[in-house]
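Colleague: kindly generate the corresponding structure for this input.
(one chain, ligands or ions: 1)
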Amino acid sequence: MKPSHVEHIGIAVKNLDASIRFYEEILGLQCYNIEEVKDQKVRTAFLQVGDTKIELLESTDPDGPIGKFVEKKGEGVHHVAFAVENIKEELAHAKQKGIRLIDHQPRKGAEGLDIAFLHPKSTHGTLIELCEDKTKINSH
Ligand code: ZN
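Modeller: Here you go, the predicted structure:
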């Protein structure tokens, strides 16, 4: 696997609007998109910093993955997402090497990216997301 960059860092928060205000007013970043991903029961806000985005995640349902995470661990870093060129191939490689996958097939994430998660039990504790931006790669 050879990711080109950290695509985004996912951060679980209790209150999206208050969190956006912090990142905008204190860190000086700008929120350029807010999107609800029904599938994952979250509202997400994106802020760009260099090649990387900060993805703030607010749960829309206490039983969703972010709702459960916040209840168990509180607010904080939830996952790190790496940009890869061929997500299907990388998933197959990871599986071959005995890495536990959460998603065996890529699915649609926020911003139209193809995404898949590796299980933190196989990654030394961090939930790792792989993502492939088809529009970017095809335009090279
Ligand atoms: Zn993510």
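Colleague: so residue 120 makes contact with residue 127?
Modeller: Yes - the criterion here is CB atoms under 8 Å, and residue 120 meets it with residue 127 at 4.8 Å. C-beta: built from backbone N, CA, C; applies to glycine.
Colleague: so if I had to pick from those two, which one is more boxed in?
Modeller: A side-by-side neighbour count of residue 120 and residue 127, using other CB atoms under 10 Å, places residue 127 first with 19 against 14.
Colleague: show me where the protein has helices.
Modeller: In the chain, the helices defined using DSSP state H lie at 16-25, 65-73, 87-96, 134-138.
Colleague: which residues are in contact with the third one?
Modeller: Looking back up the chat, that one is helix 87-96. Contacts with helix 87-96, where a contact means CB atoms under 8 Å, 6 or more residues apart in numbering, come from 1, 84, 101, 103-106, 114-116, 118, 130-132.
Colleague: what subset of these is buried?
Modeller: Restricting the contacts of helix 87-96 to buried positions leaves 84, 101, 103, 106, 114-116, 118, 130-132, with burial counted as 16 or more other CB atoms under 10 Å.
Colleague: what does the protein put close to the ion?
Modeller: 10, 55, 81, 129 (CB under 5 Å from the ion).
Colleague: quick check: pLDDT value at the residue lying closest to residue 123 once chain neighbours are set aside.
Modeller: Nearest non-adjacent residue to residue 123, counting by CB to CB, 6 or more residues apart in numbering: residue 99, 7.4 Å away. Residue 99 is assigned 97 on the pLDDT scale.
Colleague: pretty sure residue 99 sits against residue 116.
Modeller: No - between residue 99 and residue 116 there is no contact under CB under 8 Å: 11.2 Å.
Colleague: can you pull out the strands in this protein?
Modeller: For the chain, the strands defined by DSSP state E cover 5-13, 31-37, 42-49, 52-59, 76-83, 107-108, 114-118, 128-132.
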